[in-house]
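Engineer: Can you look at this prediction? I've put the sequence above it.
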Amino acid sequence: MDSLLKRTTFSSLRSHHQLLAKDPALERFKSYRKSASNIRRVGDYLTIAVVAGCCYEIYVRAVTREETRKALKSK
């Protein structure tokens, strides 16, 4: 069982390194790595923005719920 786990881990690492290797078909395009990096960075920023927006929504709903609860208690 251990050898199977080690083998699959090694093969997944090997495939990961193959994905990161230079692609000879794309060598003539000098900026393909830079543009891929920029796309990845934009995706990271969008992910952060979406998570922040979700957290803000949760906060606003919690605050309004608490205010409503306090208003109902005071009546």
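Structural biologist: Nice, I can see it. Fair warning: this is a prediction, and the values are worked out from it, not measured in the lab.

Engineer: So which residues of this structure form strands?
Structural biologist: Read by DSSP state E, the chain holds no strands at all.

Engineer: In this structure, where's the longest helix?
Structural biologist: helix 32-74 (DSSP state H).

Engineer: what's the average pLDDT for that helix?
Structural biologist: Averaged over helix 32-74, pLDDT sits at 92.

Engineer: Distance check, Asp65 against Ala71.
Structural biologist: One thing to correct before we go on: residue 65 is Arg, not Asp. For Arg65, the distance to Ala71 equals 11 Å [Cβ to Cβ, to the nearest Å]. Using the backbone N, CA and C atoms, a C-beta is placed for each residue, glycine as well.

Engineer: Arg61 now?
Structural biologist: 16 Å.

Engineer: Then Cys54?
Structural biologist: Separation of Cys54 from Ala71 (Cβ to Cβ): 26 Å.

Engineer: Also Gly43?
Structural biologist: Gly43 is 42 Å from Ala71, by Cβ to Cβ.

Engineer: what does Arg41 give?
Structural biologist: 45 Å.

Engineer: same check, this time on Leu46
Structural biologist: Leu46 is 37 Å from Ala71, by Cβ to Cβ.

Engineer: Also Ala52?
Structural biologist: Distance from Ala52 to Ala71, by Cβ to Cβ: 29 Å.

Engineer: ditto for Ser37
Structural biologist: Distance from Ser37 to Ala71, by Cβ to Cβ: 51 Å.

Engineer: same thing with Thr47?
Structural biologist: Where Ala71 is concerned, Thr47 sits at a distance of 37 Å (Cβ to Cβ).

Engineer: Likewise for Ala21?
Structural biologist: Taking Cβ to Cβ, one finds Ala21 at 62 Å from Ala71.
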